[in-house]
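Student: Give me coordinates for this.
(one chain, ligands or ions: 1)
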Amino acid sequence: MKTSPQKCILCHKDSTEKLMSNLLMRECLECGLVWRANFDVDIKHYENQGIKKIDLNDEKIHAKILDMKDRVNLFSKYVDLKNLCDIGTGRGLFLKTLSDAEYENIIGIEPNSEASEFYTKNNLIVYQKTIEDGLKEIVSRNNIKVVTMFHLIEHLNDPLAAIKEVFDSLPKEGRLIIETPDINSYSIKKSNYKNKLIYKEHLYYFNKNTLRELLKKGGFKIVATGKRDFNQNNLPIRESLFRLGLLDKKKQESISSKVVFDENNQSKRRYAKNSFIKKIVGVSLSRLVVLTGRVNYIWFIAEKE
Ligand SMILES: [Zn+2]
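Tutor: Below is the predicted model:
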């Protein structure tokens with residue numbers, strides 16, 4: 001079992017133990033940073049993650065692609081997304097979205113090789129490396145100006161060291177875009193931490209203040225910040241109702257989500273009509289959730305002055 005620090009890595013103050021969704025955590029008494037009390041992560045979790053073939057027609061992958069498009073639309077308002085290195089690129093869907101939008105000189109770093117077939121097929125350049133072992137050289141060799149870290153920092157057992165390494169790697173005026181779950185988000189708090197974002201492999205949990213502090217300690221100046229969510233324009237209806245306080249979580253789980261089909265054409269037509277209405281309702285409720293700020297992720301754009 002890998003033990004984690006007792007003192008906060010940001011403010012060096014004492015922490016207290018706290019149970020969140022049956023996981024033992026430590027919480028800094030001063031700044032509110034949260035981390036797991038031990039880092040006993042089964043490495044197989046990561047090794048097995050992407051073995052399944054990436055099918056672009058798959059519904060889940062389709063939702064991920066919509067999310068990647070949202071991501072590109074949002075961050076391109078602040079940063080020119082060319083000359084970019086995506087750390088922890090995973091299956092490479094963000095790089096593919098950038099490449100489809102014709103951004104130039106985009107590369108990725110990913111220690112696992114299981115998506116390599118997808119990279120090759122889509123002409124994506126991904127180095128099988130880690131931050132400690134190769135980032136500096138890759139960034140300087142490829143003339144990289146922007147580094148992205150999406151849903152990576154919460155998995156690292158030394159997030160501050162990682163941010164410092166990114167800072168050292170970037171040229172002057174280079175930028176970092178970072179996104180992670182928000183431990184202070186409405187749905188995490190409302191569900192009393194019994195939330196899919198609270199799980200073993202997430203070692204550190206940030207809020208807006210602690211993530212800002214992490215970036216500053218790493219040497220960065222903050223340029224912009226905000227909140228968003230996964231595929232936030234198409235949240236599931238029940239999820240939206242829960243976030244708007246119109247459905248409590250227990251009820252939400254007990255409602256069956258199965259749709260019963262029969263072979264009768266009339267009912268198929270009715271289903272098609274219903275699903276159209278459902279879509280409109282879904283999109284409208286999603287907008288309300290975004291407007292109320294009850295979304296799960298926080299992001300920052302930081303610059304090396
Ligand atoms: Zn602290």
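Student: Strands along this protein, start to end?
Tutor: Remark: strands assigned in the chain by DSSP state E are 15-20, 23-28, 34-36, 84-87, 106-109, 125-127, 146-150, 175-181, 204-205, 221-228, 297-303.
Student: So which bits of the protein are right by the ion?
Tutor: 8, 10, 11, 28, 30, 31, 33 (C-beta under 5 Å from the ion). From N, CA and C alone the C-beta is placed, and that goes for glycine too.
Student: Without its sequence neighbours, what residue ends up closest to the first one?
Tutor: Spelled out, it's residue 8. In space, and not counting its chain neighbours, residue 8 is closest to residue 28: 3.7 Å by C-beta to C-beta, 6 or more residues apart in numbering.
Student: Give me the domain ranges for the chain.
Tutor: 15-231+295-303, 237-291 (automatic domain parsing).
Student: now the longest one, how far from the chain's geometric center?
Tutor: Averaged C-alpha coordinates place domain 15-231+295-303 at 6 Å from its chain's average position (C-alpha atoms, centre = their mean, to the nearest Å).
Student: Rebuild the strands of the chain as TSV, extending it with mean pLDDT, distance to residue 291 and mean neighbour count.
Tutor: Formatted as TSV, the strands of the chain follow (pLDDT from 0 to 100; distance: least, C-beta to C-beta, whole Å; neighbours: other C-beta atoms under 10 Å):
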stretch	mean pLDDT	distance to residue 291	mean neighbour count
strand 15-20	95	28	14
strand 23-28	96	30	18
strand 34-36	97	27	23
strand 84-87	98	29	26
strand 106-109	97	32	23
strand 125-127	97	37	18
strand 146-150	98	23	23
strand 175-181	98	20	24
strand 204-205	98	25	25
strand 221-228	98	11	15
strand 297-303	98	16	21
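Student: in the sheet, who's paired with the residue nearest to residue 8?
Tutor: Counting by DSSP bridges, residue 28 forms beta bridges with residue 15.
Student: Please list all residues in contact with it.
Tutor: Shown in contact with residue 28 (C-beta atoms under 8 Å, 6 or more residues apart in numbering): 8, 10, 11, 13, 14, 15, 34, 210.
Student: Please pick the buried ones from those.
Tutor: Neighbour counting over these (16 or more other C-beta atoms under 10 Å) leaves 8, 10, 11, 15, 34, 210 as the buried ones.
Student: mind listing what whichever residue of the stretch 51-200 of the chain sits closest to the ion touches?
Tutor: Per C-beta to the ion, residue 160 is where the stretch 51-200 of the chain lies closest to the ion, at 11.4 Å. Counting by C-beta under 8 Å, 6+ apart, residue 160 touches 9, 10, 214, 217, 218.
Student: What backbone torsions are found at the last one?
Tutor: In other words, residue 218. Phi and psi for residue 218, reported as degrees, to the nearest 10, are phi -80, psi -10.
Student: so it makes contact with residue 169?
Tutor: No. Contact criterion C-beta atoms under 8 Å: residue 218 and residue 169 do not qualify, at 11.4 Å.
Student: quick one: the closest residue to residue 41 other than its chain neighbours from residue 28, how far?
Tutor: Closest residue to residue 41 apart from its sequence neighbours, by C-beta to C-beta, 6+ apart: residue 201 at 5.4 Å. Separation of residue 201 from residue 28 (C-beta to C-beta, to the nearest Å): 21 Å.
Student: Then residue 177?
Tutor: When residue 177 is compared with residue 28 (using C-beta to C-beta), they lie 25 Å apart.
Student: do the same with residue 197
Tutor: Separation of residue 197 from residue 28 (C-beta to C-beta) stands at 19 Å.
Student: Equivalent analysis for residue 295, please.
Tutor: 24 Å.
Student: cool, residue 243 as well?
Tutor: Residue 243 is 27 Å from residue 28, by C-beta to C-beta.
Student: same question, residue 196
Tutor: Using C-beta to C-beta, residue 196 is found at 24 Å from residue 28.
Student: just residue 108 next, same as before
Tutor: For residue 108, the distance to residue 28 - C-beta to C-beta - is 32 Å.
Student: Repeat that for residue 62.
Tutor: The gap separating residue 62 from residue 28 is 39 Å, by C-beta to C-beta.
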